[in-house]
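J.: Below are the sequence and a predicted model; questions follow.
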Amino acid sequence: MKDLSKNYINGQWVNWAGDTIDVHEAGTGEVIAKVPASGREEMEQAIAAADDAFATWSESTLEQRIKVLEQLHAGLKERAGEIAETVCREVGMPIKLATGIQAGLPATITKTYLNMLPDFPFSEQSGNSEVQYAPVGVVGCITPWNYPLHQVILKVVPAIAAGCTVVLKPSEIAPQSAYILAEILDGTDLPKGVFNLVCGEGQTVGDTLIKHPDVRMVSFTGSTRTGNLIAHAAADDFKRIALEMGGKSASVILPDADLAAAVKGTVNNCLLNSGQTCTALTRMLVPAEQHDEACELAAAAFAKMTPGNPLEETTRLGPLASAQQRDKVIDYIKLGIEEGHTLVAGGPEAPEGCDKGYFVKATVFGNVKPDSRLAQEEIFGPVLCVIPYNDEAEAIRIANGTQYGLSGAVWSADADKAKKVASKLRTGQVFVNGGAFNPMAPFGGFGHSGIGREFGKWGLEEFLEVRSLQL
Ligand code: NAD
């Protein structure tokens with residue numbers, strides 16, 4: 001078991017002697033690490049350090065920032081194997097996928113900012129004014145457990161690149177990769193106090209971070225429920241907020257689409273990270289006359305996804321990240337049966353041979369009513385709702401008919417038609433006929449899915465205030 005009873009404050013590892021939080025291995029349920037359940041005092045010390053460091057880091061040169069990010073990028077590459085295994089054990093994502101995504105994306109994202117920084121316009125001319133883009137101040141970063149390092153990097157890298165200082169409170173369920181990040185940054189030329197890590201519960205250290213007057217921005221990724229608390233707290237002293245929250249994304253399969261390819265693309269997306277992905281395509285909208293065929297195709301694809309040990313190279317579907325998440329997903333599967341939808345594959349029982357760890361059966365419901373709880377609420381597990389529709393207008397209405405608006409997909413043999421329908425979806429991104437993920441494209445949500453955007457120049461702009469000098 002790894003003892004991580006320490007926080008990283010003002011360039012120092014500060015030992016913690018108080019209560020700790022157990023970190024569990026998703027595939028076995030065993031305790032694999034412990035981290036501090038820090039108190040408000042530790043968080044206040046970290047905020048003070050970030051506040052002190054802001055005066056100098058906000059004035060740092062572009063060369064200094066680039067050098068630190070180059071060092072960080074090299075460190076992320078060097079420790080990629082360790083990051084992949086750590087996240088695989090904590091979250092349950094199969095090792096092959098974790099290597100590409102959980103360890104690969106943080107380095108890729110850091111590289112995109114390295115490429116962008118030399119030419120980023122930190123000032124521009126508008127008539128007789130010089131418009132300057134200034135760092136917003138001390139940023140509180142609060143992150144979830146499903147892509148734990150990726151979500152941290154999407155905040156910490158552009159914040160530091162913008163000249164901000166940071167206090168990070170990672171998820172207490174999957175915190176270990178944040179410690180690896182702190183170790184890497186400790187070995188770079190980043191001045192003390194620019195990056196701080198405090199681990200603990202949301203209700204204590206998270207609460208202190210979102211309410212502290214010296215924190216000028218909170219960048220949050222997590223549930224819509226917590227995002228709502230943060231928006232209220234931030235309003236009290238007009239902190240800036242960037243919120244990346246939940247989703248219930250629709251995959252709209254139009255009548256002329258290649259049904260098999262569209263179902264395959266939807267299923268693969270839905271089951272990525274065992275459905276613990278904010279952008280998961282969890283509602284598959286199909287023409288009513290193709291409903292049964294679509295269900296058969298989905299059921300066959302789900303049947304192939306038998307859950308297994310995430311540390312094995314051949315495993316494609318891992319467990320869920322925690323006992324709480326497993327129980328929540330099983331409750332939703334039972335709800336789906338109670339609500340009267342057609343159970344097409346899977347079910348609430350534990351999968352065979354998986355008596356340890358947090359496994360659930362990949363489950364498909366057919367004939368799902370668009371207004372039911374199953375079709376409206378974020379489940380965050382391997383559960384697909386197949387929803388029949390009668391015409392295109394109804395499909396768009398159903399797709400837009402939740403409180404969320406994070407992602408979506410449209411499939412059609414006619415590329416222009418697919419683009420036209422995609423442009424009617426009230427979501428931050430839409431995948432058209434399986435278009436590839438782009439780390440330079442803006443990412444974020446409409447409605448209850450979010451405020452603000454991450455990735456690319458949009459992600460950097462979040463951390464900048466605008467000042468105009470009239471000359
Ligand atoms: P969560 O809201 O429970 O926790 C997220 C973070 O907030 C954790 O670090 C937690 O400790 C902290 N927190 C909890 N209560 C707090 C409080 N009162 N004050 C301050 N901080 C507090 O979310 P989760 O269960 O860790 O993550 C799953 C959710 O995240 C899902 O809803 C998912 O859709 C969402 N998510 C969104 C995106 C996106 O980019 N839109 C990406 C990944 C996950």
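T.: It's in.

J.: What helix or strand is Ile32 located in?
T.: For Ile32, the element it lies in under DSSP states H and E is strand 31-36.

J.: all strands for the stretch 151-300 of the chain, in order.
T.: 165-169, 195-197, 215-221, 240-244, 249-253, 281-287 (DSSP state E, counting those that start in this stretch).

J.: mean confidence score for the fourth one?
T.: The predicted model assigns strand 240-244 a mean pLDDT of 98.

J.: Smallest distance to the ligand belongs to which residue of the stretch 51-200 of the chain?
T.: Nearest residue of the stretch 51-200 of the chain to the ligand, counting by CB to the nearest ligand atom: Pro144, 3.1 Å away. Bear in mind the C-beta positions are built from the backbone N, C-alpha and C, glycine included.

J.: Now do the same for the nearest residue to that residue once chain neighbours are set aside: its pLDDT.
T.: Distance criterion CB to CB, 6 or more residues apart in numbering; nearest residue to Pro144, sequence neighbours excluded, is Gly222 at 4.3 Å. pLDDT, Gly222: 98.

J.: Contacts only, for Gly222.
T.: By CB atoms under 8 Å, 6 or more residues apart in numbering, the residues touching Gly222 are Ile142, Thr143, Pro144, Ser171, Glu244, Met245.

J.: Most widely separated two among those?
T.: Using CB to CB, the two most remote members of the contacts of Gly222 are Ser171 and Met245, lying 14.4 Å apart.

J.: between these two, who's got more neighbours?
T.: Higher neighbour count among Ser171 and Met245: Met245, with 27 against 24, using other CB atoms under 10 Å.

J.: How about the residues of the stretch 101-250 of the chain by the ligand?
T.: Counting by CB under 6 Å from any ligand atom, the stretch 101-250 of the chain comes close to the ligand at 142-146, 151, 169, 171-172, 202-203, 206-207, 210, 221-223, 226, 229, 244-247.

J.: Mark which of those residues are part of helices, please.
T.: Using DSSP state H to define helices, the subset of those located there is Gln151, Asp207, Ile210, Thr226, Leu229.

J.: still on that earlier bit, which parts of the strand holding Ile32 are buried?
T.: Ile32, Ala33, Lys34, Val35, Pro36 (16 or more other CB atoms under 10 Å).

J.: in its sheet, what does that strand sit against?
T.: strand 2-3 (parallel), strand 20-24 (antiparallel) (DSSP bridges).

J.: CA atoms of that strand as PDB?
T.: The C-alpha coordinates for strand 31-36 follow below in PDB (Å, rounded to 0.1, in the frame of the first residue of the first chain):
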ATOM      1  CA  VAL A  31      -6.900  -0.600  -0.400                       C
ATOM      2  CA  ILE A  32      -3.900   0.400  -2.500                       C
ATOM      3  CA  ALA A  33      -3.100   3.800  -1.100                       C
ATOM      4  CA  LYS A  34      -4.000   6.400   1.500                       C
ATOM      5  CA  VAL A  35      -4.000  10.100   1.100                       C
ATOM      6  CA  PRO A  36      -4.700  13.000   3.600                       C
END
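
J.: In a strand, Ser468, correct?
T.: Yes - when DSSP: H, G, I helix; E, B strand; the rest coil is applied, Ser468 is found to be in a strand.

J.: what does the stretch 351-471 of the chain have sitting close to the ligand?
T.: Glu378, Phe380, Leu406, Gly445, Ser449, Gly450.

J.: possible to save those residues as JSON lines with pLDDT and neighbour count?
T.: Formatted as JSON lines, these follow (pLDDT from 0 to 100; neighbours: other CB atoms under 10 Å):
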{"residue": "Glu378", "pLDDT": "98", "neighbour count": "23"}
{"residue": "Phe380", "pLDDT": "98", "neighbour count": "25"}
{"residue": "Leu406", "pLDDT": "98", "neighbour count": "27"}
{"residue": "Gly445", "pLDDT": "98", "neighbour count": "28"}
{"residue": "Ser449", "pLDDT": "98", "neighbour count": "28"}
{"residue": "Gly450", "pLDDT": "97", "neighbour count": "27"}
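
J.: Closest one to Leu72 out of these, please.
T.: Gly450 (25.7 Å).

J.: which residues does the closest one contact?
T.: Gly227, Ala242, Leu243, Glu244, Met245, Leu406, Gly428, Gly444.

J.: beta partners for it?
T.: Applying DSSP bridges, one finds that Gly450 bridges with Glu244.

J.: one step back: now the strands of the stretch 151-300 of the chain in TSV, with mean neighbour count and distance to Asn390?
T.: What follows is the strands of the stretch 151-300 of the chain, written out as TSV (neighbours: other CB atoms under 10 Å; distance: least, CB to CB, whole Å):
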stretch	mean neighbour count	distance to Asn390
strand 165-169	28	47
strand 195-197	29	52
strand 215-221	26	37
strand 240-244	23	34
strand 249-253	30	13
strand 281-287	27	8
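
J.: Quick one: those strands as CSV, columns for distance to Gly275 too.
T.: Below are the strands of the stretch 151-300 of the chain laid out as CSV (distance: least, CB to CB, whole Å):
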stretch, distance to Gly275
strand 165-169, 25
strand 195-197, 29
strand 215-221, 17
strand 240-244, 18
strand 249-253, 11
strand 281-287, 7
